[in-house]
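**Student:** pasting the sequence and the predicted model now:
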Amino acid sequence: MKEDKILIIKFGGLGDVVLSLDAMYSIKKNFNKSKLILLTEKPYDDILRKSGWFDKIVLIKRSLFYFLDIFQIKKKIDVTSLSKVFDLQTSKRSSSYLRIFAESGVYTNGIGKFATICHSNPNRNFLHTSDRQKEQLKLSKIDIKENAKLNWLYPRIKNNKTRFALIVPGGSLKRKYKRIPLEVYSNIIEFLLEKKIKPVLIGSVDDQHICQTLKKKFLTLDNLCNKTDFFKIAELSKQAIISVGNDTGPMHLISRGNNPTIVFFTKFSDSKLCAPQGKNVSIVKFSCNNLVFGKTVIEQIQRLIINQ
């Protein structure tokens, strides 16, 4: 009997991947007797491999040229061995990948002319990522009824003796417009120190200058910039009494830890489309008046930590 194999396609940034966890989990749960294969790229293979949802993870390095991507996919995946393909990326490029599967008679769920089941809602680009994927998978009779079980990512934390707050002041250099002014973070850090709460900075190599600037101003804070992997960020999110940061990938990971989290959105990104998901997430829209905005945020932090 032929082994049933299903392929999931998911690329994007860290935030995109985290927002797709519930969809991936639902596909796994719906086809629990099938072999599940994930097509993605580094560095997300490490975090998704630990989930245990996938029997195989295939990595490609996306190039400027579509045909080179196709060459890699054909080289690494036996297209004819698949029964179904779910494109959770649903970009123009990933939808073009579906052609090689459709030509072999493989069932495909995605967008575009090569999708057997096409999510053709004209308003799909105005839906939040999680709502869009719910609609898409429902076309294949897959309901996302529950959040993914993420005990493999978020460990159980015993009482932590050090009261600290996780601060994510940076973000991608390609999207500097999503960062709020450093002055606001200085005000937040001053407040936390007054409350005997240690600020802990995290970020990527892109954020080193920002974090070093704050460290020079506040010598007692901990600067873990470029020193944490995805699993460490998840662990810290469960230990922190509150997390605060810009609309960037790590905040999506932190939000799913379900501890109090505040995420800042500027006018250049829409929280209705891509807000981090979690049980304790607050979205705050940045206003141009740093003083007023900072005061509003500090009041919100105070309300969230008052009983901790």
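**Tutor:** Everything's here; your move. Fair warning: this is a prediction, and the values are worked out from it, not measured in the lab.
**Student:** which SSE is D45 in?
**Tutor:** helix 44-49 (DSSP states H and E).
**Student:** buried set for that helix?
**Tutor:** Of the residues in helix 44-49, Y44, I47, L48 count as buried by neighbour count, 16 or more other Cβ atoms under 10 Å. (C-beta placed from N, C-alpha, C; glycine too.)
**Student:** where exactly do the helices run in this structure?
**Tutor:** 14-19, 21-30, 44-49, 66-76, 92-102, 129-138, 182-194, 208-217, 230-239, 249-255, 271-274, 290-305 (DSSP state H).
**Student:** give me the angle between the second one and helix 129-138.
**Tutor:** By that I understand helix 21-30. Interaxial angle, helix 21-30 versus helix 129-138 (axes from the mean of the first three to the mean of the last three Cα atoms, to 10 degrees): 20 degrees.
**Student:** before we move on, back to that, okay if I get the buried residues of helix 44-49 as JSON lines plus pLDDT and distance to K113?
**Tutor:** Shown next, in JSON lines, are the buried residues of helix 44-49 (pLDDT from 0 to 100; distance: Cβ to Cβ, whole Å):
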{"residue": "Y44", "pLDDT": "91", "distance to K113": "28"}
{"residue": "I47", "pLDDT": "91", "distance to K113": "33"}
{"residue": "L48", "pLDDT": "95", "distance to K113": "29"}
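**Student:** need those residues in CSV (columns: distance to K279).
**Tutor:** Shown next, in CSV, are those (distance: Cβ to Cβ, whole Å):
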residue, distance to K279
Y44, 23
I47, 20
L48, 22
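**Student:** so where's the protein uncertain?
**Tutor:** Applying pLDDT under 70 to the chain flags residues 1-2, 158-161, 307-308.
**Student:** domain parsing for it?
**Tutor:** According to automatic domain parsing, the chain comprises the domains 5-138, 164-305.
**Student:** measure the last one end to end?
**Tutor:** Yep, that's domain 164-305 we're talking about. Terminal residues of domain 164-305 are spaced 11 Å apart (Cα to Cα, to the nearest Å).
**Student:** got it, and the shortest one?
**Tutor:** According to Cα to Cα, domain 5-138 extends 20 Å from its N-terminal end residue to its C-terminal end residue.
**Student:** coming back round to it: quick one: which of the helices of the chain is nearest V168?
**Tutor:** Checking the helices of the chain against V168 by Cβ to Cβ gives helix 249-255 as the closest, at 5.3 Å.
**Student:** identify the residues contacting the closest one?
**Tutor:** Under the contact criterion Cβ atoms under 8 Å, 6 or more residues apart in numbering, helix 249-255 has outside partners 13-15, 18-19, 166, 168, 202-203, 230, 233-234, 236-237, 243, 245, 261, 263, 276-278, 280-281.
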